[in-house]
Every structure is written in C-alpha cells, then in structure tokens.
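Q: Here is the input, now give the coordinates:
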Amino acid sequence: MNAQVTFPELQRQIIHFSRQLHENGWAAGGQGNVTAMTADGRILATSADVSLGAIKEAELLTLDRFGRKLAGIGNPFVELPMHLAVFKGRLDVHAVVHAHPPASSAFAAANQAIEAFTFPEFIIQTGGSVPVVPFALPGSEALSQGLVPFMERYDVVLLEGHGVLAWGADLQTAMMLVELVEATARTLLDAATLGGVKKLPDPMISLLLEARTNAGLGPAGRARASAKR
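A: Reported below is the predicted structural model:
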C-alpha cells in the first residue's frame, strides 16, 4: 500500500508506470494519466502539459484531496475529477491508472463489456467481467457520477468511447489490472476469428470466484478481510 511508500519512491513509481504506459502505446498523444495517494493524504498526479513518456519528477503535481495544486510544474489533467471520485468512493484505493490500450479501447468504443469466464486469472482478478461506464464528457461531473455505481463491485472499468480506468491499493495493482484486461481483450478478439472462447463449467467458475473472495478481492473479499482485522 502507498501508506508504506515514501514520497520520493511514490514519485519514482508514477514515472516508471507512466513511461511504461507510453512505451506500450497505451498513452499516445497526451492520452492517459496516473494518480497515487501519499501517506498523508495528498495526491501525486501526472500533468496535462507533458507526455507520460517524458515526464520528470518536477512535472509531477502534488494536489490536495480536492484536486487543488500544491506543488509541481504544469496543470492538472481534465480527467482528474474521475480519479478524485474513485478515491472518495473507495477508501481502500491509493492509486488510479487511466489508459487507452487498443484492444480494450475497441471494446469501449463498441460499448461492449469484456466478459471472459474462460481464463482463471481474469475471473479471480475481475470477477469475470469488466463493465462499460456510459459515455460522458471527460472531466465532467456526469462522468464522475457515472462511475459511482461501479466502484464497489469492480476495480477496473471501460469508459464508453474512451479507454480503461483501473484502481487499487497501489500503483502496481492498478497497472496489472490494465495489463490483464488488455491481454484478455486481445485474446477475445483473436478467438472471435475461431468461433469465440469456451466458457468454463459453472462449478469451476464458482471455485474461482471463491478464490477471489479468499484473496480479499471484490466486495465479499474486502468485507471478509476487513472483518479479520
């Protein structure tokens, strides 16, 4: 969790994952943004004024929990409100990643959820599906409000006509979700040329969903983990 990460280390992590997004081709032309919450409740964020592939420490913004700039060179990105909405709605979340991976974005553009009760890791990490949040203008209150119904059940969503938004206890968790969803989307598109994927038997799916809960994932998993504290 970011609560155990120093401020300089969190800066390094944001730069690392931002550059990774750019190198993967998931944040071209100023697309994509990354935020992480510090141990004292401030928010570190990428800037609207620099490519994720070239961002430096001085260009990372330090914001308060309302999104007001405290330090850093540049301006907050327009989609910041949806990041703030996730932090507000899920107190266990300390990192949010928004990107435009091509296969996932194709599903988002088609307004089609990614459903794959086929791959064990995808079922455990996502519950088997990644829904589509209805379209709203980037940065709008409507988009932030549109996320609310999905926050409790999911840790990653598609934004209709837009891209992917993932969140987690730390940056690595959020980034791994983006990677997993994109890999699954690519496989589904490839498998469509062969007639589509085969769904696992229901008993197997139930076992995998129970493994998800036991891992502390999803609403039931978080509730169980919280009860043990």
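
Q: does residue 183 belong to a helix or a strand, and which?
A: In the assignment (DSSP states H and E), residue 183 maps to helix 171-192.

Q: what about the residue lying closest to residue 214 once chain neighbours are set aside, distance to residue 157?
A: For residue 214, ignoring the flanking residues on the chain, the nearest one in space by CB to CB, 6 or more residues apart in numbering is residue 221 at 7.1 Å. Every C-beta, even on glycine, is put in place using the N, C-alpha and C of the backbone. To residue 157, residue 221 is 18 Å away according to CB to CB, to the nearest Å.

Q: In terms of packing, which of the two has more residues around it?
A: Using other CB atoms under 10 Å, the more surrounded residue of residue 221 and residue 157 is residue 157, with 25 against 19.

Q: Parallel or antiparallel, list what pairs with the helix or strand containing the more buried one.
A: Residue 157 is part of strand 156-159 when elements are defined by DSSP H and E. With DSSP bridges as the test, strand 156-159 is paired with strand 132-133 (parallel), strand 163-168 (antiparallel).

Q: can you map out the strands along the chain?
A: Along the chain, counting by DSSP state E, strands occupy 33-37, 43-45, 61-63, 69-71, 95-99, 114-115, 129-130, 132-133, 156-159, 163-168.

Q: so which of the ones you listed is the most packed in?
A: Neighbour counts (mean count of other CB atoms under 10 Å) averaged over each of these peak at strand 95-99, with a mean of 29.

Q: and that strand, which strands flank it?
A: Strand pairing for strand 95-99, using DSSP bridges, gives strand 33-37 (antiparallel), strand 163-168 (antiparallel).

Q: TSV for the ones you listed, including mean pLDDT and distance to residue 119?
A: Listed next are the strands paired with strand 95-99 as TSV, based on pLDDT from 0 to 100; distance: least, CB to CB, whole Å:
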stretch	mean pLDDT	distance to residue 119
strand 33-37	98	26
strand 163-168	98	17
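
Q: Turn those into JSON lines, columns for distance to residue 121.
A: Formatted as JSON lines, the strands paired with strand 95-99 follow (distance: least, CB to CB, whole Å):
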{"stretch": "strand 33-37", "distance to residue 121": "23"}
{"stretch": "strand 163-168", "distance to residue 121": "15"}
